[in-house]
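> Let's see this in three dimensions:
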Amino acid sequence: MKGRAPDTFKVHFNTTAGPITVEVTRAWSPLGADRFYNLSRHHFFDGAAFFRVVPGFVVQFGLPANPKVSQVWAAANIKDDAVTQSNHRGSLTFATAGANTRTTQLFINLGENVRLDKMGFSPFGTVVEGMDVVDKIYSGYGEKPDQDLITKQGKAYLDKNFPKLDRIVSATVEGGPAPAAPAKAPAKSPAKKSPAKKSPAKKTPANPTP
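As a prediction, the model looks like this:
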């Protein structure tokens, strides 16, 4: 799961809302691009819900349907990349809970969120097809889904309490290998997470967010 991503590549998301294609430029955010590439080619996102949708702000995803997988990846942090691109509408960025806390959660910017640039959110790709699909991802639950419970219970929690959420059916790297089963996560990082910067303070280090 530590393979180097190509300089540029595309990932095709087949979702319950429709198809979405993102294009990644590794030079923008190398560590983020590498993590996304490896998660995608090992089917990490298959079945994952778009659990946080704030109209005009972000669509967030990256907590797997299987809670066992989620727990393994909880502390598999990667270091921060420099912010070289702005969080424009359609850009794809890892969520964080402070310095060097990026793991598996990402968001697509629904608006011009350039204020996030100074907060250390480093875009590594952009939606090149299907932004109209992103715009219609179900947003009726807003920020109600509890990230801790998603981590602990996975799909079962969301199906019971938030059945209308849209999901990723599959994620395919264009031209890349597609292993038959998810690979194990890398060794957990000993680095401690710092508190999230975004207000209100209900977000915790375990819940990366913009």
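
> Contact partners for the closest residue to Y141 other than its chain neighbours?
Nearest non-adjacent residue to Y141, counting by C-beta to C-beta, 6 or more residues apart in numbering: F162, 5.1 Å away. Where you see a C-beta, it was placed from the backbone N, CA and C, and this is true even at glycine. Going by C-beta atoms under 8 Å, 6 or more residues apart in numbering, F162 touches 49, 51, 141, 144-145.

> Please check the residues you listed and keep the buried ones.
49, 51, 141, 145 (16 or more other C-beta atoms under 10 Å).

> Please identify which pair of those lies farthest apart.
Largest separation among those by C-beta to C-beta: A49 and Y141, giving 10.0 Å.

> any shared contact partners between those two?
Common neighbours of A49 and Y141 (criterion: C-beta under 8 Å, 6+ apart): 162, 165.

> if we can go back for a sec, could you measure from the residue nearest to Y141 over to R52?
Between F162 and R52 the computed distance is 11 Å (C-beta to C-beta, to the nearest Å).

> Just the terminal-to-terminal distance for stretch 90-99.
One end of stretch 90-99 to the other measures 24 Å (C-alpha to C-alpha, to the nearest Å).

> re earlier: which among the buried ones among the contacts of F162 gets closest to P210?
So of the buried ones among the contacts of F162, ranked by how close each gets to P210 (C-beta to C-beta), first place is F51, at 14.0 Å.

> mind checking pLDDT for the closest one?
pLDDT, F51: 98.

> Do a quick rundown of the helices in this protein.
30-41, 67-73, 131-135, 147-153, 155-161 (DSSP state H).

> Those: which one's closest to S122?
Evaluated with C-beta to C-beta, the helices of the chain place helix 30-41 nearest to S122, the distance being 6.0 Å.

> ok, and what's touching that closest one?
For helix 30-41, the external contacting residues (C-beta under 8 Å, 6+ apart) are 1-6, 9, 11, 24-26, 45, 78-81, 92-94, 102, 104, 106, 122, 124-125, 171-173, 176-179, 183.

> circling back to that earlier point, list residues touching both of F162 and R52?
When contacts are counted by C-beta under 8 Å, 6+ apart, F162 and R52 have P145 as shared neighbours.

> Kindly present the helices of the chain as TSV, with separate columns for distance to T209.
Shown next, in TSV, are the helices of the chain (distance: least, C-beta to C-beta, whole Å):
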stretch	distance to T209
helix 30-41	16
helix 67-73	16
helix 131-135	18
helix 147-153	8
helix 155-161	17
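
> if I look at the residue nearest the centre of the chain, how far off is V128?
Centroid-nearest residue in the chain, with C-alpha atoms, centre = their mean: L106, separated by 2.1 Å. Distance, L106 to V128, by C-beta to C-beta: 16 Å.

> likewise E112?
Applying C-beta to C-beta to E112 and V128 gives a distance of 18 Å.
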